[in-house]
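1. no sequence for this one, just the structure:
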């Protein structure tokens, strides 16, 4: 970038932060209004949540302003004592330190603007489904499930299976999992899309390479404050769980399906032996599904800009190929190859995920500079 472009980017970043700070100040006034607390529909909680989410933007804006002020003071000091070698050296060191601090805080600001604050710290529900490729695609779903399980373990996250449909060979037609922990959505949000595998199946007698597909959807977990569910809109069904899982699994009506009658959206949970726990998880998953629909319906400028930066995140978009004969994983969004498929499938995703974050950041900076 040219100096002029860098200046434009800085101005754009500061302007974007200032908008957040002004919005937070506006919300702060509303929170002090007694009338807001008396409004029905959880309006106060909604305003308070948005106010809290804007806190990090206000913090980084003020720290950036202070760092810029320190640097300016150091340069003014340098001009004033330009003839004094000792003072000049001291002022130069102060200016350098202030400049480094400004750059550090600026990087924080860019990272913050790249990330959807509403979802950054959320847990996620991940749906993995087999696509074209029959049994081989189902086995690939099992591989992806293990990959995310290992990645969750490496990051200290917890993972639980909510629903699944097993195949005869040990694969899955589909599996739904919940992953909980710090920065889960922030790290996994780029995993949504089509994952393609190229390899010789164990059942292939002539050594031919088959291409199969699985789709992944990473959904930010919805909270009660995001979406209130009217109990009258919910229809519950209890049934026996399907597939292996011990003698008690198939003898008790522990599997729970819940349907949201107004939308027709239905989900099922069967992994817990307790009907009560499955019911609770099913409602949690249903709320997430409905929250996803709500987010998709909001055609905001930020959503459109984010899709341009790193792809739509739609499960129909092919994002990655796992080529076993060449021992290579290719992420098509950033044209990046990583060698060592087994390492990736054992949870070695950081190299790819870090590069996707860098790509998003660079694309946003170019856009702010008017180059994209």
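-> Perfect, thanks for sending it. Here the structure is a predicted model, which is why all the values come from computation and not from measurement.
2. Flag every buried residue along the one helix or strand residue 10 maps to.
-> Counting by DSSP states H and E, the secondary-structure element that holds residue 10 is helix 3-31. For helix 3-31, a neighbour-count test (16 or more other C-beta atoms under 10 Å) marks 8-10, 12-14, 16-17, 20-21, 24, 27 as buried. Glycine gets a C-beta too; all of them are placed from N, C-alpha and C.
3. Quick check: the farthest pair among the residues you listed?
-> Spanning the widest gap among these are 8 and 27, at 29.1 Å by C-beta to C-beta.
4. ok so, going back, quick check, nearest of the buried residues of helix 3-31 to residue 87?
-> After measuring the buried residues of helix 3-31 against residue 87 - C-beta to C-beta - the closest member comes out as residue 10, at 28.6 Å.
5. Please read off the pLDDT at the closest one from the model.
-> At residue 10 the predicted local distance difference test score is 83.
6. Just list the residues touching it, thanks.
-> residue 106 (C-beta atoms under 8 Å, 6 or more residues apart in numbering).
7. chain center to the strand or helix carrying residue 93, what's the gap?
-> Using DSSP H and E, residue 93 maps to helix 85-114. Shown here is helix 85-114, whose average C-alpha point lies 31 Å from the average C-alpha point of the whole chain (C-alpha atoms, centre = their mean, to the nearest Å).
8. which is the next helix or strand following it?
-> The C-terminal neighbour of helix 85-114 among helices and strands, as given by DSSP H and E, is strand 124-130.
9. and the helix or strand that comes right after that following strand, how far out from the chain's middle?
-> Later in the chain than strand 124-130, the nearest helix or strand by DSSP H and E is helix 134-154. For helix 134-154, the gap between its own C-alpha mean and the chain's C-alpha mean amounts to 19 Å (C-alpha atoms, centre = their mean).
10. neighbouring contacts of helix 134-154?
-> With C-beta under 8 Å, 6+ apart as the test, helix 134-154 has contacts from 126, 128-131, 133, 158-159, 167-175, 177, 179, 181, 188, 191, 195, 197, 199, 201, 203, 210, 212-214, 216, 322, 344-347, 349.
11. after it, next one along is what?
-> Heading C-terminal from helix 134-154, the first helix or strand you meet, by DSSP H and E, is strand 158-166.
12. Provide the contact partners of that following strand at residue level.
-> Applying C-beta under 8 Å, 6+ apart, the external contacts of strand 158-166 come out as 125, 148-149, 152-153, 172-181, 242-244, 267-271, 281, 285.
13. coming back round to it: just the ones in helices from the contacts of helix 134-154, please.
-> Secondary structure of the contacts of helix 134-154 is defined by DSSP state H; positions in helices are 188, 344-345.
14. Among the contacts of strand 158-166, which lie within strands?
-> 125, 172-180, 267-269 (DSSP state E).
15. Quick check: the two most widely separated of those?
-> Between any two of the ones in strands among the contacts of strand 158-166, the greatest separation by C-beta to C-beta is 24.6 Å, found for 173 and 180.
16. so where's the chain uncertain?
-> Within the chain, the stretches with pLDDT under 70 are 1-5, 40-42, 81-82, 116-120, 224-226, 241-253, 297-316, 368-372.
17. for the protein, what's the longest strand?
-> From DSSP E, the single longest strand across the chain is strand 210-220.
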